[in-house]
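# Requesting a structural model of the entry that follows:
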Amino acid sequence: MARVLVVMTPAEGHVNPSLGLIKQLVENGEEIVYVCTEEYRTKIEQTGAQLRTYTFFKDPDLKPIEFNHPYQFAHRMVSSIIQRIIPEVLRVIENESYDYLIFDSLMGWGGQIIAGRLGIPAVCSISSFVFVEPLGSGYELEVSNEEVRELYETTMKLTQQLAARFDVEAPAMEDITGHPGQLKLVYTSRYFQPLAERLDDSFIFSGPSIVPRNDAPTFSYERLHTSYKQTVYISMGTILNRDIDFYKLCFTAFHDLPVQFILSSGKQTNIEPLVDYIPDNFIVRPYLPQLEVLQHVDAFLTHAGMNSTSEALYYNVPLVMLPLTSDQPLVARRVQELGAGVIVDKDNLTPEALRTALLEVLNNASYKQQACVIGETLRQAGGYKQAAAAIMNFFADCRLSAIPSLD
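Next up is the predicted model:
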């Protein structure tokens with residue numbers, strides 16, 4: 001079978017969606033070499049893939065931000081991802097050969113560089129929505145013309161330097177953040193994807209990659225409905241979960257509601273200063289088995305990261321969303337547009353606003369109904385098995401078409 005190179009940005013939201021696909025490809029007979037950082041060794045090796053590691057020092061300035069102009073996203077991609085990761089990937093696979101590449105969409109043009117150097121076709125792995133419109137183009141611009149010009153010039157200068165270094169053609173600005181590759185694998189459904197009608201058949205919508213997480217802790221669900229009829233899960237993901245002031249705000253907003261709350265505070269969060277503030281109707285844990293928890297709750301208060309949002313909707317859970325950065329506003333707007341949740345404005349965040357939003361979702365059955373509609377499309381998309389089949393069938397057809405005819 002084929003020898004496959006997989007390159008993902010070292011972040012939970014990009015590695016995790018790929019794991020089911022990689023495990024399935026290995027089971028189907030593909031040989032997988034996965035290039036990432038040491039911290040993901042256990043997860044990756046559990047799929048049966050071989051791991052190649054490189055050192056990636058997380059840039060303290062590489063914090064999630066809300067993009068107000070597409071050039072901001074392009075600059076971040078070139079300076080913080082392509083410039084820092086692509087040379088490392090090429091170094092650790094030097095003199096090796098592969099049949100095709102699967103790369104993270106956050107690398108954009110960087111995936112094209114790898115595929116071009118190896119002379120192989122590629123699959124773009126898209127862990128969020130496809131950005132039919134460049135990320136940042138949906139906002140009123142809050143940057144001056146001078147800032148835009150400086151962003152453009154800085155980004156293009158760096159891009160040209162990288163192109164010269166790798167002996168490839170420099171892309172136009174709009175192509176830096178595109179989704180190159182013969183196939184584009186999207187971990188959602190066409191129904192949930194905004195502007196899906198503008199995407200051709202090279203985009204394969206497989207739905208979220210729902211696989212058991214072997215590192216997930218155990219959790220007893222027996223007490224969830226002993227005191228209260230409804231249960232709400234609160235989690236702000238793995239990057240934005242250290243805001244203890246937000247947790248205090250939740251305690252204030254929800255302490256007297258007849259609802260059981262389960263809060264995932266984050267493994268790196270020091271919860272000790274909050275111990276005396278935790279209400280009786282809250283269960284607080286540093287880490288929870290999210291996939292299992294979502295099957296027992298009536299609503300989910302979330303930052304609207306794509307993975308968490310997709311997992312909730314997969315299990316028909318409506319959402320209260322507090323989008324903060326990156327693609328989260330886009331994801332949250334789509335959920336609200338389809339009627340499966342409500343958005344809380346981060347700039348006007350009060351206990352009253354949180355409480356009102358949650359009660360709206362809990363007491364209005366339409367949110368649950370619409371979450372079920374989206375959830376059905378996500379489940380019907382086929383998941384990682386469908387994704388693996390689509391990739392293998394595509395490249396099998398490519399190999400067959402390359403064989404000279406005997407006629």
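# shouldn't residue 334 be in contact with residue 194?
Yes. The pair residue 334 / residue 194 is scored as a contact, 5.4 Å apart, by CB atoms under 8 Å. From N, CA and C alone the C-beta is placed, and that goes for glycine too.
# Just give me the neighbour total for the residue nearest to residue 175 when sequence neighbours are not counted.
Spatial nearest neighbour of residue 175, chain neighbours left out: residue 109 (6.4 Å); criterion: CB to CB, 6 or more residues apart in numbering. Other residues near residue 109 number 24, with proximity taken as other CB atoms under 10 Å.
# Surely residue 109 touches residue 178?
Yes. Judged on CB under 8 Å, residue 109 makes contact with residue 178 at a distance of 7.4 Å.
# Give me the common contacts of residue 334 and residue 194.
residue 129 (CB atoms under 8 Å, 6 or more residues apart in numbering).
# Break down the stretch 101-250 of the chain into its strands, ranges please.
With strands called from DSSP state E, counting those that start in this stretch, the stretch 101-250 of the chain shows them at 122-126, 183-186, 203-205, 230-235.
# Mind checking the pLDDT average for the first one?
What it means is strand 122-126. The average pLDDT within strand 122-126 is 97.
# who does it pair up with?
strand 100-104 (parallel), strand 183-186 (parallel) (DSSP bridges).
# what's the answer for the last one, then?
Based on DSSP bridges, the pairing partners of strand 230-235 within the sheet are strand 259-264 (parallel), strand 299-302 (parallel).
# contacting residues for residue 204?
183, 184, 185, 186, 387, 390, 391.
# cutoff 6 Å now
183, 185, 390 (CB atoms under 6 Å, 6 or more residues apart in numbering).
# Nearest spatial neighbour of the first one, chain-adjacent residues omitted?
Okay, so that is residue 183. residue 123 (4.5 Å).
# Turn the strands paired with strand 230-235 into CSV, including distance to residue 356, mean pLDDT and mean neighbour count.
What follows is these, written out as CSV (distance: least, CB to CB, whole Å; pLDDT from 0 to 100; neighbours: other CB atoms under 10 Å):
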stretch, distance to residue 356, mean pLDDT, mean neighbour count
strand 259-264, 14, 96, 22
strand 299-302, 13, 98, 26
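# Let's have those in CSV, adding distance to residue 7.
Formatted as CSV, the strands paired with strand 230-235 follow (distance: least, CB to CB, whole Å):
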stretch, distance to residue 7
strand 259-264, 29
strand 299-302, 28
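# sorry, back to before: Serialize the strands paired with strand 122-126 to JSON lines and add fields for distance to residue 81 and mean neighbour count.
Compiled in JSON lines, these are given as follows (distance: least, CB to CB, whole Å; neighbours: other CB atoms under 10 Å):
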{"stretch": "strand 100-104", "distance to residue 81": "9", "mean neighbour count": "25"}
{"stretch": "strand 183-186", "distance to residue 81": "18", "mean neighbour count": "24"}
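# Pipe those into a markdown table and attach mean pLDDT and distance to residue 265 per row.
Formatted as a markdown table, the strands paired with strand 122-126 follow (pLDDT from 0 to 100; distance: least, CB to CB, whole Å):
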| stretch | mean pLDDT | distance to residue 265 |
| --- | --- | --- |
| strand 100-104 | 97 | 28 |
| strand 183-186 | 97 | 31 |
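# Can you add distance to residue 166 and give those strands back as TSV?
Shown next, in TSV, are the strands paired with strand 122-126 (distance: least, CB to CB, whole Å):
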stretch	distance to residue 166
strand 100-104	15
strand 183-186	22
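# got any ranges where the protein has weak pLDDT?
57-65, 135-144, 214-216, 238-242, 399-407 (pLDDT under 70).
# longest helix in it, by residue count?
helix 145-166 (DSSP state H).
# Run through the neighbouring helices and strands of that one.
The helices and strands touching helix 145-166, judged by 3 or more CB pairs under 6 Å, 6 or more residues apart in numbering; DSSP states H and E, are helix 70-76.
# Could you measure from the closest residue to residue 86 other than its chain neighbours over to residue 38?
Nearest residue to residue 86 in three dimensions, chain neighbours excluded: residue 110, at 4.5 Å (CB to CB, 6+ apart). Applying CB to CB, to the nearest Å, the value for residue 110 to residue 38 is 21 Å.
# can you check residue 237 too?
Taken as CB to CB, the span from residue 237 to residue 38 is 22 Å.
# Which one of those two is surrounded by more residues?
Neighbours per residue (other CB under 10 Å) separate residue 237 from residue 38, with residue 237 holding more: 20 against 12.
# quick one: the more buried one and residue 290, what's the gap?
10 Å.
# ditto for residue 113
Using CB to CB, residue 113 is found at 35 Å from residue 290.
# Also residue 186?
From residue 186 to residue 290 the distance is 21 Å (CB to CB).
# now swap in residue 329 and tell me
22 Å.
# With only the CA atoms kept, save the longest helix of the chain in PDB.
Output of helix 145-166 as PDB, limited to C-alpha atoms (Å, rounded to 0.1, in the frame of the first residue of the first chain):
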ATOM      1  CA  ASN A 145      -4.800  51.800   5.700                       C
ATOM      2  CA  GLU A 146      -1.200  52.300   6.900                       C
ATOM      3  CA  GLU A 147      -1.400  49.100   9.000                       C
ATOM      4  CA  VAL A 148      -2.900  47.200   6.100                       C
ATOM      5  CA  ARG A 149      -0.100  48.300   3.800                       C
ATOM      6  CA  GLU A 150       2.600  47.400   6.300                       C
ATOM      7  CA  LEU A 151       1.000  44.000   6.900                       C
ATOM      8  CA  TYR A 152       0.900  43.400   3.100                       C
ATOM      9  CA  GLU A 153       4.500  44.500   2.600                       C
ATOM     10  CA  THR A 154       5.900  42.600   5.600                       C
ATOM     11  CA  THR A 155       4.000  39.400   4.700                       C
ATOM     12  CA  MET A 156       5.000  39.400   1.000                       C
ATOM     13  CA  LYS A 157       8.700  40.200   1.800                       C
ATOM     14  CA  LEU A 158       8.800  37.200   4.200                       C
ATOM     15  CA  THR A 159       7.000  35.000   1.600                       C
ATOM     16  CA  GLN A 160       9.500  35.900  -1.100                       C
ATOM     17  CA  GLN A 161      12.400  35.100   1.200                       C
ATOM     18  CA  LEU A 162      10.900  31.700   2.000                       C
ATOM     19  CA  ALA A 163      10.100  31.000  -1.700                       C
ATOM     20  CA  ALA A 164      13.800  31.700  -2.600                       C
ATOM     21  CA  ARG A 165      15.000  29.500   0.300                       C
ATOM     22  CA  PHE A 166      12.900  26.500  -0.900                       C
END
